[in-house]
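> From the sequence below, what's the structure:
(2 chains)
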Amino acid sequence: MNLNNTNKKEIKEILTVSFCIAIGTLSGVLSLALFYYYDIAIFSYNLGLILSPLLAGYVETYFAKKIHGKTTGAVSAFILFIITVVYGFILVNTGLGFNFVTIGSAAFILQAAFPILAEYFLVVFIFGLIAYLTGFFKKILFYIKNRVCKLINYTSKNLNHEKNLTYDPHIEHVDINDLGILFLTTTHTGKNKIMNYKGIFESKIIIHNTKKFVTKSPNNSQKFLDNLKKATEQSIINLSIDLKENNCNGLLDLTIEYDTVGNFGDANQIIVRGTGIELKT
Amino acid sequence: MNDILLSSTNTLDNKEIFKYYGLVTGESLLGSNVYKDLFSGVRDVVGGRTSKYEKEIQKARNLAIESMINKAKELNANGIIGIKISYNNLGGTMGNTILVTAYGTAISFK
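Take a look at the predicted model:
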């Protein structure tokens, strides 16, 4: 007895849902026919291709809520999507071009048929991609961080080193051996007597990698090399300032390192380091 | 090869170094070529010698050393010691760019 009741209930539910989907689909098809009959179009693009799936989904949801008490998932919108694509793009084939209206309309159709997927794509993927490329969120977070640091008077050694992370690409050529520091790649100083060892000194410069233009033109390649040379010079200049502040007049065992850094290898890091010494003058 | 003594050592035995001029550097850039890189990769797999690529790197190395020597000559040095030569791949997502650097300490010795 109970089993029969359950079956009847299920059958009734299936019929109700089917009716809602059918009436939604019928409304959509009818509206599509009217749109084509009266040729309601913009730039040869029939508006029925966009509005019919939306109308089908709306009618189906309206009836489902009235009769069934809850939505049925706008299945008719998906059916209309298939019908409009098959009829509008394949059978009628208006010869639509690849333009803004077509792309926009196609996006609307997809949104009508797959609302959650389309919204996810728009909000998460497109917005996320734009935010990543423009550094929008990064800037906001950096701004918030600075504001918070200022509010709580936070300073650290890392923040004080920011001067080393930039360089002036327009700097004139400087004689690095005329900076008041004897730079040596060796660990010996010959007859020059070492009075004091002052520890390890390091200077770092980060420049943007213009690699993607390098292979296209020899001039760009030369420009990239010039930038690297200037950045190296600037790094040595920064190091010499640091050495002088620590009463050094020489640097032993100087090494220069070049590295690729950044998420996509979009920057190059130049590090100059060595042991600061005080030579007898 | 040239009239400047090149050495990777810290000192020169049996020679008297009487002046240190300081740092001399030389750089050259070897731009990548996607087809050449691909071809080189294929030949590496099959065990062949990538002679064209080797020649390019050799050329870049010589250019860097030559540039370093010229700077030492400008300082009237007759030797460079503590020479370091490095090959750095500066390529990002777009492929390889090899930077060859040569640097050392310019000196005068007897």
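> Run through chain B and note the low-pLDDT ranges.
Residues of chain B meeting the criterion pLDDT under 70: B:1-2, B:31-52, B:91-96.
> Please pull up the helix or strand immediately following the longest helix along chain B.
Ranked by residue count and defined by DSSP state H, the top helix of chain B is helix B:51-74. Later in the chain than helix B:51-74, the nearest helix or strand by DSSP states H and E is strand B:79-89.
> That following strand pairs with which strands?
For strand B:79-89, the paired strands and their directions (DSSP bridges) read strand B:5-6 (parallel), strand B:97-109 (antiparallel).
> In the helix or strand following the shortest one, which residues are buried?
Yep, that's strand B:5-6 we're talking about. Where DSSP H and E defines the elements, the next helix or strand beyond strand B:5-6 is strand B:17-31. For strand B:17-31, burial by neighbour count (16 or more other C-beta atoms under 10 Å in any protein chain shown) applies to B:17, B:20-31. No exception for glycine: its C-beta is placed from N, CA and C like everyone else's.
> for those, which one is nearest residue B:63?
Nearest to residue B:63 among those: residue B:28, at 3.9 Å, using C-beta to C-beta.
> Look up how far chain A lies from that closest one.
According to C-beta to the nearest C-beta, to the nearest Å, residue B:28 stands 7 Å off from chain A.
> Residue B:11 now?
Distance from residue B:11 to chain A, counting by C-beta to the nearest C-beta: 5 Å.
> Model confidence for residue A:74, exactly?
pLDDT recorded at residue A:74 is 78.
> hang on, it packs against residue A:25?
No - Residue A:74 lies out of contact with residue A:25 (C-beta atoms under 8 Å); the separation is 10.7 Å.
> Can you pull the residues that touch both of the two?
A:56, A:60 (C-beta atoms under 8 Å, 6 or more residues apart in numbering or on different chains).
> got the strands paired with strand B:79-89 as JSON lines, with mean neighbour count columns?
Compiled in JSON lines, the strands paired with strand B:79-89 are given as follows (neighbours: other C-beta atoms under 10 Å in any protein chain shown):
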{"stretch": "strand B:5-6", "mean neighbour count": "16"}
{"stretch": "strand B:97-109", "mean neighbour count": "23"}
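> closest to residue A:116 out of those?
strand B:97-109 (44.4 Å).
> gap between that closest one and the chain center?
7 Å (C-alpha atoms, centre = their mean, to the nearest Å).
> So what angle separates the directions of that strand and helix B:51-74?
30 degrees (axes from the mean of the first three to the mean of the last three C-alpha atoms, to 10 degrees).
> May I have strand B:97-109 exported as PDB, CA atoms only?
Provided in PDB are the C-alpha atoms of strand B:97-109 (Å, rounded to 0.1, in the frame of the first residue of the first chain):
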ATOM      1  CA  THR B  97      69.800  33.900 -22.900                       C
ATOM      2  CA  ILE B  98      73.300  33.000 -21.800                       C
ATOM      3  CA  LEU B  99      75.400  35.800 -20.200                       C
ATOM      4  CA  VAL B 100      79.100  35.100 -20.200                       C
ATOM      5  CA  THR B 101      81.000  37.100 -17.700                       C
ATOM      6  CA  ALA B 102      84.800  37.300 -17.100                       C
ATOM      7  CA  TYR B 103      86.300  39.300 -14.400                       C
ATOM      8  CA  GLY B 104      89.500  39.500 -12.400                       C
ATOM      9  CA  THR B 105      92.100  41.800 -10.800                       C
ATOM     10  CA  ALA B 106      94.300  43.900 -13.000                       C
ATOM     11  CA  ILE B 107      97.900  44.000 -11.900                       C
ATOM     12  CA  SER B 108     101.400  45.000 -12.900                       C
ATOM     13  CA  PHE B 109     104.200  42.600 -12.200                       C
END
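> isn't there a strand covering residue A:196?
Yes - assessed with DSSP: H, G, I helix; E, B strand; the rest coil, residue A:196 lies in a strand.
> Looking at the residue nearest to it when sequence neighbours are not counted now. What's its pLDDT?
Once flanking residues are discounted, residue A:196 sits nearest to residue A:278: 4.1 Å by C-beta to C-beta, 6 or more residues apart in numbering or on different chains. As predicted, residue A:278 sits at a pLDDT of 93.
> I am finished for the moment; much appreciated.
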